[in-house]
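K.L.:
structure of the sequence below:
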Amino acid sequence: MVEINNITFAYNRSSKNILEEISFDIQKNQCIAILGNNGAGKSTLLKCIDRICPAHEGSVFVDSNDVFHMTKSLMAQNIAYVQQNNEPINMTVFDAVLLGRKPYIKWDASSKERQILCEIMRKMELDDFSLRNVSELSGGELQKVMLARALAQEPKLLLLDEPTSNLDPRNQHEVLCIVKEIAQERNICVAIILHDLNLAIRYCDRFLFLKDSHVFSYGGLEVMTPENIEEMYKMHVHIIEYMGVPVIVPFPDEKIKMNSIVGKA
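P.N.:
Next up is the predicted model:
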(Lines give C-alpha, C1' and ligand atoms only; values in the text may rest on other atoms or scores of the structure.)
Protein backbone atom coordinates (compact mmCIF):
# COMPACT_ATOMS: atom_id res chain seq x y z
CA MET A 1 0.00 0.00 0.00
CA VAL A 2 1.13 3.55 -0.78
CA GLU A 3 0.19 6.53 1.38
CA ILE A 4 0.72 10.13 0.30
CA ASN A 5 0.16 12.55 3.17
CA ASN A 6 -0.19 16.35 2.98
CA ILE A 7 2.27 16.94 0.14
CA THR A 8 2.87 20.68 -0.27
CA PHE A 9 5.24 22.15 -2.86
CA ALA A 10 6.20 25.47 -4.47
CA TYR A 11 9.12 26.10 -6.81
CA ASN A 12 10.35 28.78 -4.45
CA ARG A 13 9.28 29.89 -1.01
CA SER A 14 7.93 33.23 -2.18
CA SER A 15 5.68 31.80 -4.92
CA LYS A 16 2.23 30.28 -4.72
CA ASN A 17 2.01 26.59 -3.82
CA ILE A 18 1.71 24.33 -6.86
CA LEU A 19 0.45 21.58 -4.56
CA GLU A 20 -1.19 22.08 -1.19
CA GLU A 21 -1.88 19.33 1.36
CA ILE A 22 -2.29 16.57 -1.22
CA SER A 23 -3.29 13.29 0.44
CA PHE A 24 -4.47 9.98 -1.00
CA ASP A 25 -3.63 6.28 -0.94
CA ILE A 26 -3.14 3.53 -3.51
CA GLN A 27 -3.92 -0.07 -2.69
CA LYS A 28 -1.93 -2.97 -4.12
CA ASN A 29 -3.05 -4.11 -7.59
CA GLN A 30 -4.66 -0.71 -8.17
CA CYS A 31 -4.18 1.73 -11.03
CA ILE A 32 -5.19 5.29 -10.25
CA ALA A 33 -5.56 8.05 -12.84
CA ILE A 34 -4.32 11.53 -11.97
CA LEU A 35 -6.54 13.99 -13.83
CA GLY A 36 -6.76 17.74 -14.21
CA ASN A 37 -6.21 20.68 -16.52
CA ASN A 38 -2.81 21.65 -17.87
CA GLY A 39 -0.87 23.32 -15.07
CA ALA A 40 -2.83 21.59 -12.29
CA GLY A 41 0.37 20.13 -10.81
CA LYS A 42 0.00 16.53 -11.96
CA SER A 43 3.60 16.04 -13.16
CA THR A 44 4.92 17.99 -10.17
CA LEU A 45 3.06 15.60 -7.84
CA LEU A 46 4.80 12.57 -9.38
CA LYS A 47 8.15 14.34 -9.10
CA CYS A 48 7.51 15.09 -5.42
CA ILE A 49 6.68 11.44 -4.77
CA ASP A 50 9.88 10.40 -6.57
CA ARG A 51 11.95 13.07 -4.71
CA ILE A 52 12.89 14.89 -7.93
CA CYS A 53 11.11 17.93 -6.49
CA PRO A 54 11.65 18.01 -2.71
CA ALA A 55 8.28 18.49 -1.02
CA HIS A 56 8.21 21.33 1.53
CA GLU A 57 5.81 19.37 3.71
CA GLY A 58 4.28 15.91 3.80
CA SER A 59 5.36 12.31 3.54
CA VAL A 60 5.19 9.29 1.23
CA PHE A 61 5.11 5.73 2.55
CA VAL A 62 5.45 2.54 0.53
CA ASP A 63 4.53 -0.52 2.58
CA SER A 64 4.94 1.63 5.72
CA ASN A 65 8.51 2.64 4.72
CA ASP A 66 9.25 6.37 4.48
CA VAL A 67 10.30 7.14 0.89
CA PHE A 68 11.89 10.47 1.87
CA HIS A 69 14.43 8.63 4.05
CA MET A 70 15.34 5.81 1.67
CA THR A 71 18.74 5.39 0.04
CA LYS A 72 18.81 5.84 -3.74
CA SER A 73 19.25 2.10 -4.24
CA LEU A 74 16.29 1.27 -2.03
CA MET A 75 14.25 3.96 -3.76
CA ALA A 76 14.94 2.32 -7.12
CA GLN A 77 13.69 -1.00 -5.77
CA ASN A 78 10.48 0.58 -4.53
CA ILE A 79 9.58 3.27 -7.07
CA ALA A 80 9.90 3.46 -10.86
CA TYR A 81 9.12 6.69 -12.68
CA VAL A 82 8.60 7.20 -16.41
CA GLN A 83 8.59 10.87 -17.37
CA GLN A 84 6.58 12.36 -20.19
CA ASN A 85 9.48 13.19 -22.51
CA ASN A 86 12.48 10.88 -22.76
CA GLU A 87 15.79 11.60 -24.46
CA PRO A 88 17.12 8.84 -26.75
CA ILE A 89 20.25 7.12 -25.45
CA ASN A 90 23.05 5.51 -27.42
CA MET A 91 22.61 1.83 -26.50
CA THR A 92 20.62 -1.16 -27.62
CA VAL A 93 17.04 -1.66 -26.52
CA PHE A 94 18.11 -4.77 -24.59
CA ASP A 95 20.72 -2.85 -22.61
CA ALA A 96 18.33 0.06 -22.00
CA VAL A 97 15.71 -2.25 -20.49
CA LEU A 98 18.43 -4.10 -18.55
CA LEU A 99 19.18 -0.82 -16.75
CA GLY A 100 15.92 -1.41 -14.91
CA ARG A 101 17.59 -4.34 -13.13
CA LYS A 102 20.55 -2.23 -11.98
CA PRO A 103 19.30 -1.88 -8.36
CA TYR A 104 19.43 -5.68 -8.05
CA ILE A 105 22.60 -6.55 -10.01
CA LYS A 106 25.84 -6.75 -8.02
CA TRP A 107 28.40 -7.89 -10.60
CA ASP A 108 26.71 -9.17 -13.73
CA ALA A 109 23.19 -10.00 -14.86
CA SER A 110 22.25 -13.49 -13.70
CA SER A 111 20.03 -15.90 -15.61
CA LYS A 112 17.16 -14.76 -13.38
CA GLU A 113 17.72 -11.13 -14.38
CA ARG A 114 17.75 -12.05 -18.05
CA GLN A 115 14.60 -14.13 -17.66
CA ILE A 116 12.77 -11.20 -16.07
CA LEU A 117 14.04 -8.95 -18.84
CA CYS A 118 12.94 -11.27 -21.64
CA GLU A 119 9.50 -11.67 -20.09
CA ILE A 120 8.96 -7.91 -19.92
CA MET A 121 10.22 -7.38 -23.47
CA ARG A 122 7.93 -10.11 -24.74
CA LYS A 123 4.92 -8.54 -23.02
CA MET A 124 5.79 -5.14 -24.49
CA GLU A 125 6.38 -6.70 -27.94
CA LEU A 126 9.97 -5.45 -28.02
CA ASP A 127 11.64 -8.76 -28.93
CA ASP A 128 12.28 -7.68 -32.51
CA PHE A 129 13.80 -4.40 -31.29
CA SER A 130 16.28 -5.88 -28.79
CA LEU A 131 19.42 -5.17 -30.85
CA ARG A 132 18.28 -1.86 -32.33
CA ASN A 133 19.83 1.33 -31.04
CA VAL A 134 17.46 3.36 -28.88
CA SER A 135 18.47 6.54 -30.72
CA GLU A 136 16.96 5.12 -33.91
CA LEU A 137 13.49 4.54 -32.45
CA SER A 138 10.34 6.57 -32.99
CA GLY A 139 8.82 8.50 -30.10
CA GLY A 140 6.24 5.79 -29.49
CA GLU A 141 8.81 2.99 -29.60
CA LEU A 142 11.04 4.91 -27.18
CA GLN A 143 8.08 5.36 -24.82
CA LYS A 144 7.53 1.59 -24.75
CA VAL A 145 11.22 0.96 -24.05
CA MET A 146 11.22 3.37 -21.10
CA LEU A 147 8.08 1.74 -19.73
CA ALA A 148 9.64 -1.71 -20.13
CA ARG A 149 12.72 -0.51 -18.21
CA ALA A 150 10.49 0.74 -15.39
CA LEU A 151 8.58 -2.55 -15.26
CA ALA A 152 11.91 -4.42 -15.18
CA GLN A 153 12.64 -2.67 -11.86
CA GLU A 154 9.75 -4.66 -10.35
CA PRO A 155 8.78 -1.61 -8.26
CA LYS A 156 6.11 -1.51 -5.60
CA LEU A 157 4.97 1.86 -6.97
CA LEU A 158 4.98 2.73 -10.67
CA LEU A 159 4.62 6.40 -11.65
CA LEU A 160 3.72 7.13 -15.28
CA ASP A 161 3.49 10.64 -16.73
CA GLU A 162 1.30 10.48 -19.84
CA PRO A 163 2.63 7.08 -20.98
CA THR A 164 0.34 7.02 -24.03
CA SER A 165 1.15 10.51 -25.37
CA ASN A 166 3.31 9.27 -28.28
CA LEU A 167 1.42 6.07 -29.01
CA ASP A 168 -1.10 5.26 -31.71
CA PRO A 169 -4.59 4.15 -30.56
CA ARG A 170 -3.83 0.43 -30.69
CA ASN A 171 -0.64 0.81 -28.67
CA GLN A 172 -2.35 3.11 -26.16
CA HIS A 173 -4.82 0.37 -25.25
CA GLU A 174 -2.20 -2.36 -25.43
CA VAL A 175 0.24 -0.58 -23.09
CA LEU A 176 -2.40 0.32 -20.49
CA CYS A 177 -3.76 -3.23 -20.62
CA ILE A 178 -0.26 -4.58 -19.97
CA VAL A 179 0.32 -2.13 -17.11
CA LYS A 180 -2.97 -3.11 -15.48
CA GLU A 181 -2.23 -6.82 -15.96
CA ILE A 182 1.27 -6.56 -14.45
CA ALA A 183 -0.02 -4.46 -11.55
CA GLN A 184 -2.49 -7.20 -10.67
CA GLU A 185 -0.01 -10.04 -11.19
CA ARG A 186 2.77 -8.47 -9.09
CA ASN A 187 0.85 -6.42 -6.52
CA ILE A 188 2.12 -3.10 -7.89
CA CYS A 189 0.51 0.26 -7.11
CA VAL A 190 0.28 2.42 -10.23
CA ALA A 191 -0.33 6.17 -10.62
CA ILE A 192 -0.89 7.35 -14.20
CA ILE A 193 -1.29 10.88 -15.50
CA LEU A 194 -3.76 10.82 -18.37
CA HIS A 195 -5.56 13.44 -20.42
CA ASP A 196 -7.77 10.92 -22.23
CA LEU A 197 -10.72 10.39 -19.88
CA ASN A 198 -11.91 7.35 -21.81
CA LEU A 199 -8.58 5.60 -21.32
CA ALA A 200 -8.71 6.54 -17.65
CA ILE A 201 -12.22 5.24 -17.03
CA ARG A 202 -11.51 2.02 -18.91
CA TYR A 203 -8.18 1.01 -17.37
CA CYS A 204 -8.00 2.69 -13.96
CA ASP A 205 -9.65 1.73 -10.68
CA ARG A 206 -9.66 5.11 -8.95
CA PHE A 207 -9.49 8.73 -10.04
CA LEU A 208 -7.69 11.69 -8.46
CA PHE A 209 -8.84 15.10 -9.69
CA LEU A 210 -6.43 17.99 -9.02
CA LYS A 211 -7.76 21.54 -9.12
CA ASP A 212 -6.41 24.84 -7.76
CA SER A 213 -3.47 23.10 -6.03
CA HIS A 214 -5.77 20.80 -4.04
CA VAL A 215 -7.45 17.40 -4.36
CA PHE A 216 -10.84 18.21 -5.86
CA SER A 217 -12.12 14.63 -5.67
CA TYR A 218 -10.75 11.12 -5.20
CA GLY A 219 -12.51 7.79 -5.44
CA GLY A 220 -13.81 5.07 -7.72
CA LEU A 221 -16.34 5.29 -10.53
CA GLU A 222 -18.65 7.21 -8.22
CA VAL A 223 -16.48 10.34 -8.66
CA MET A 224 -16.30 10.03 -12.46
CA THR A 225 -19.51 11.97 -12.95
CA PRO A 226 -20.56 14.51 -15.60
CA GLU A 227 -20.79 17.10 -12.82
CA ASN A 228 -17.20 16.57 -11.64
CA ILE A 229 -15.84 16.45 -15.18
CA GLU A 230 -17.71 19.64 -16.11
CA GLU A 231 -16.41 21.41 -13.00
CA MET A 232 -12.86 20.32 -13.80
CA TYR A 233 -12.71 20.94 -17.53
CA LYS A 234 -15.52 23.49 -18.10
CA MET A 235 -16.96 21.16 -20.73
CA HIS A 236 -20.29 19.37 -20.70
CA VAL A 237 -20.19 15.57 -21.12
CA HIS A 238 -22.48 12.58 -21.13
CA ILE A 239 -21.37 9.19 -19.80
CA ILE A 240 -22.92 6.22 -21.59
CA GLU A 241 -22.24 2.49 -21.61
CA TYR A 242 -21.57 0.56 -24.80
CA MET A 243 -21.11 -3.23 -24.68
CA GLY A 244 -20.30 -2.97 -20.98
CA VAL A 245 -17.66 -0.26 -21.46
CA PRO A 246 -18.26 3.25 -20.01
CA VAL A 247 -17.72 5.97 -22.60
CA ILE A 248 -17.39 9.70 -21.95
CA VAL A 249 -18.89 11.73 -24.80
CA PRO A 250 -17.95 15.44 -24.79
CA PHE A 251 -20.42 18.13 -25.81
CA PRO A 252 -18.29 21.27 -25.46
CA ASP A 253 -20.90 23.55 -27.05
CA GLU A 254 -24.02 22.06 -25.48
CA LYS A 255 -24.45 24.61 -22.69
CA ILE A 256 -23.83 27.51 -25.06
CA LYS A 257 -26.51 26.19 -27.41
CA MET A 258 -28.96 25.67 -24.58
CA ASN A 259 -28.39 29.21 -23.31
CA SER A 260 -28.89 30.66 -26.80
CA ILE A 261 -32.14 28.71 -27.18
CA VAL A 262 -33.38 29.99 -23.83
CA GLY A 263 -32.40 33.52 -24.81
CA LYS A 264 -34.39 33.32 -28.07
CA ALA A 265 -37.43 31.96 -26.28
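
K.L.:
okay, and for the protein, where does confidence drop off?
P.N.:
Scanning the chain for pLDDT under 70 picks out the ranges 106-110, 254-265.

K.L.:
now with 80, please.
P.N.:
13-15, 85-88, 103-114, 252-265 (pLDDT under 80).

K.L.:
just so I have it, where are all the strands in it?
P.N.:
2-9, 19-26, 31-35, 57-62, 65-66, 79-82, 157-161, 189-193, 206-211, 214-219, 236-242, 245-251 (DSSP state E).

K.L.:
what sits against the nearest residue to residue 135 once chain neighbours are set aside?
P.N.:
Nearest residue to residue 135 in three dimensions, chain neighbours excluded: residue 88, at 4.2 Å (Cβ to Cβ, 6 or more residues apart in numbering). Every residue, glycine included, has its C-beta placed from N, CA and C. Contacts for residue 88 (Cβ atoms under 8 Å, 6 or more residues apart in numbering) come out as 134, 135, 137, 142.

K.L.:
on that earlier part again, what's the closest of the strands of the chain to residue 149?
P.N.:
Among the strands of the chain, strand 79-82 comes nearest to residue 149, with 8.0 Å by Cβ to Cβ.

K.L.:
identify the residues contacting that closest one?
P.N.:
Outside strand 79-82, the residues touching it (Cβ under 8 Å, 6+ apart) are 46-47, 49-50, 52, 62, 67, 100, 143, 146-147, 150-151, 153, 155-161, 163.

K.L.:
which of the residues you listed are buried, as a ChimeraX select command?
P.N.:
Buried residues among the contacts of strand 79-82 (16 or more other Cβ atoms under 10 Å), as a ChimeraX selection:
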select :46,47,49,50,62,67,100,143,146,147,150,151,153,155,156,157,158,159,160,161,163
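
K.L.:
from the contacts of strand 79-82, which land in helices?
P.N.:
46, 47, 49, 143, 146, 147, 150, 151 (DSSP state H).

K.L.:
which pair of the contacts of residue 88 spans the longest distance?
P.N.:
Maximum distance among the contacts of residue 88 (Cβ to Cβ): 9.0 Å, for 135 and 142.

K.L.:
what residues are up against the residue most central in space within the chain?
P.N.:
Central residue of the chain (Cα atoms, centre = their mean): residue 192, 1.9 Å from the mean position. Residue 192 makes contact with 31, 32, 33, 34, 160, 163, 176, 179, 200, 204 under the criterion Cβ under 8 Å, 6+ apart.

K.L.:
could those residues go into CSV alongside distance to residue 82?
P.N.:
As requested, the contacts of residue 192 are arranged in CSV below (distance: Cβ to Cβ, whole Å):
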residue, distance to residue 82
31, 14
32, 15
33, 15
34, 13
160, 5
163, 6
176, 13
179, 10
200, 17
204, 16
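
K.L.:
of all those, which comes closest to residue 42?
P.N.:
residue 34 (5.0 Å).

K.L.:
excluding its backbone neighbours, what's nearest residue 46?
P.N.:
residue 159 (4.6 Å).
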